[in-house]
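Enquirer: got a sequence here, can you model it:
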Amino acid sequence: MKLPLPKTLFGRLLAIVMVPMILVQVVTILVFYERHWDTVTRYMATNLSADVAVIVDRYASDQSPDQFKDTRAFARRYFQFDVQWDQGGILTEEQPNNHSEYAYQMLDQGLQSRLSYPYSINLHLNEDWLSVGVQFPNGVMQINAGRKRIFSSTSILVILWTVSTSVLLFGIALVFLRGQVRPIVRLARAARQLGLGRPAADYQLAGAKEVRLAGRAFQAMRQRIQRQMVKRTEMLAGVSHDLRTPLTRMKLQLEFLPDGAEKNGIREDILDMEAMIEGYINFASNAVTEDMIDINIKDIITASISSFGLPADQLTFTNPDLDVKTIPLRKRGIRRAMDNLIGNAVRHGQHCEVSVTNDEHQIQIIIDDDGPGIPKDQRIAVLRPFVQLDPDKTKSDSSHGTGLGLSIANDAALSHGGNLLLGDSPMGGLRVRLQLPV
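Expert: Residues are numbered from 1 along each chain as shown. As a prediction, this is how the structure comes out:
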């Protein structure tokens, strides 16, 4: 059975601290009422019934007016009782209150064993007094005693002490746990920023030893990732520069060769090599070296669609009026991804539709076409670099020629903490979903 635990770490830590403490307090109170309340109430009822019996026996020995006065003075002096006499009175039976039934029973048992006269008990004469009425042949003696003689205030004090200490401990635990959870929350936010491809600034390490250790490991990991991405871009940029120099010389030398099939073949090879180098640079430039800016994704979609210059019956933006949130993006990287995705759709299909949806968690760009699509068993493979479904097809641009178009788009999505998903389109071709977290 799954326990209904709090969702947050702070809530779970608080539950770990508070639940055992509350259980201990509850058990303590139950034990107190079962043992202490029972014992104290029985002891106080026994003492009170014994004191009442002393007063009754003293008056019963000589039921004269003088004896009553002497008994009344004796009760006031030694027991702090207030004794009243009702000449010719008749005893009335009092019913116990529900909240004092146990005290009533204990006092009743004590009086039964000590009095030979009829009696009645009223534990709620008023806020300060209880009374015991005793029926004599010539009247009724009412013995009034303080309620504290049978009702102990210890129970109230124990409950107040338990509640107050619980509140105090809860406050201390609240402050302590907040201080322990705060560094974990900062670490989680920094990790999320890194996962979304956004800048994650260094923060001051704090908290427990394990939390500091995790923070140091995260900072080292972030620095390694950034260095790796920068070095990858620098390396490919250097390689492209070094390769373009001999290619330029080859193109110059090629102009001095006589025209013919051999010259045309060499020219095609040089163009292919330039296209591959350009594709590598485009793929490497998707690394997180570009600064993020707040931008509306609709502006990028509109600009990308306009760059193709196709009529609306071939390339359509279905919902340009939708209200879409502005989020931090690497503009060039997302624009390159949109160009590649839309370019693939219009290249392989007769008609392409672009739409966008958003909610509180993510923005999703959907690109549908009516082309041949991609088989299900190859949809994961085509997201890897340099993978082509039809490598013999005539190369029309650098991304298609090197098999980097979908890889560049997928890399752009991952660098923003999103996903690129391929599926079946309602138009019969391929549906591409570019998901970006808000």
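Enquirer: can you list contacts of stretch 130-144?
Expert: 52, 55-56, 59-60, 63, 68, 75, 81-92, 94, 107, 111, 115, 117-125, 129, 145-147, 149-150 (CB atoms under 8 Å, 6 or more residues apart in numbering). Bear in mind the C-beta positions are built from the backbone N, C-alpha and C, glycine included.
Enquirer: recalculate using a threshold of 6 Å.
Expert: Outside stretch 130-144, the residues within contact range by CB atoms under 6 Å, 6 or more residues apart in numbering are 52, 55-56, 81-89, 91, 117-123, 125, 129, 145, 147.
Enquirer: please indicate which of those residues are buried?
Expert: 52, 55-56, 81, 83, 85, 89, 91, 119-123, 129, 145, 147 (16 or more other CB atoms under 10 Å).
Enquirer: helices or strands next to the longest helix anywhere in the chain in the packing?
Expert: Counting residues, the longest helix found in the chain (DSSP state H) is helix 209-254. Contact analysis of helix 209-254 by 3 or more CB pairs under 6 Å, 6 or more residues apart in numbering; DSSP states H and E lists helix 154-195, helix 261-284 as its packing neighbours.
Enquirer: what's the following helix or strand after the one helix or strand Asp299 maps to?
Expert: Secondary structure assignment for Asp299, by DSSP states H and E: helix 297-308. Following helix 297-308 in sequence order, the next helix or strand is strand 315-317 (DSSP H and E).
Enquirer: tell me what that next one is packed against?
Expert: Counting contacts by 3+ CB pairs under 6 Å, 6+ apart, strand 315-317 is packed against helix 297-308, strand 352-358.
Enquirer: quick one, which of the ones you listed gets closest to Leu322.
Expert: With CB to CB as the measure, strand 352-358 is the member of the helices and strands packed on strand 315-317 nearest Leu322 (6.0 Å).
Enquirer: could you list the paired strands of that closest one along with their orientation?
Expert: According to DSSP bridges, strand 352-358 forms sheet pairs with strand 315-317 (parallel), strand 362-369 (antiparallel).
Enquirer: pick the most deeply packed of these.
Expert: Stretch with highest mean neighbour count among the strands paired with strand 352-358: strand 362-369 (a mean of 22; mean count of other CB atoms under 10 Å).
Enquirer: can you list contacts of it?
Expert: Applying CB under 6 Å, 6+ apart, the contact partners of strand 362-369 are 297, 341, 345, 349, 352-357, 425, 427, 429-438.
Enquirer: just the buried ones from the residues you listed, in PyMOL syntax?
Expert: This is the PyMOL syntax for the buried subset of the contacts of strand 362-369, where burial follows 16+ other CB under 10 Å:
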select buried, resi 297+341+345+349+352+353+354+355+356+425+427+429+430+431+432+433+434+435+436+437
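Enquirer: then stretch 315-331 to CSV, C-alphas only?
Expert: C-alpha atoms of stretch 315-331 as CSV (Å, rounded to 0.1, in the frame of the first residue of the first chain):
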residue,chain,number,x,y,z
LEU,A,315,3.8,26.1,-46.8
THR,A,316,1.3,27.3,-44.2
PHE,A,317,1.5,28.7,-40.6
THR,A,318,-1.9,27.5,-39.3
ASN,A,319,-2.2,29.5,-36.1
PRO,A,320,0.0,32.6,-36.2
ASP,A,321,-2.4,34.5,-33.9
LEU,A,322,-2.0,32.1,-30.9
ASP,A,323,-0.8,33.8,-27.7
VAL,A,324,2.6,32.2,-27.0
LYS,A,325,4.8,32.9,-24.1
THR,A,326,8.2,34.6,-24.5
ILE,A,327,11.0,32.4,-23.3
PRO,A,328,14.9,32.5,-23.3
LEU,A,329,16.2,31.0,-26.5
ARG,A,330,19.4,30.8,-28.6
LYS,A,331,18.0,32.6,-31.6
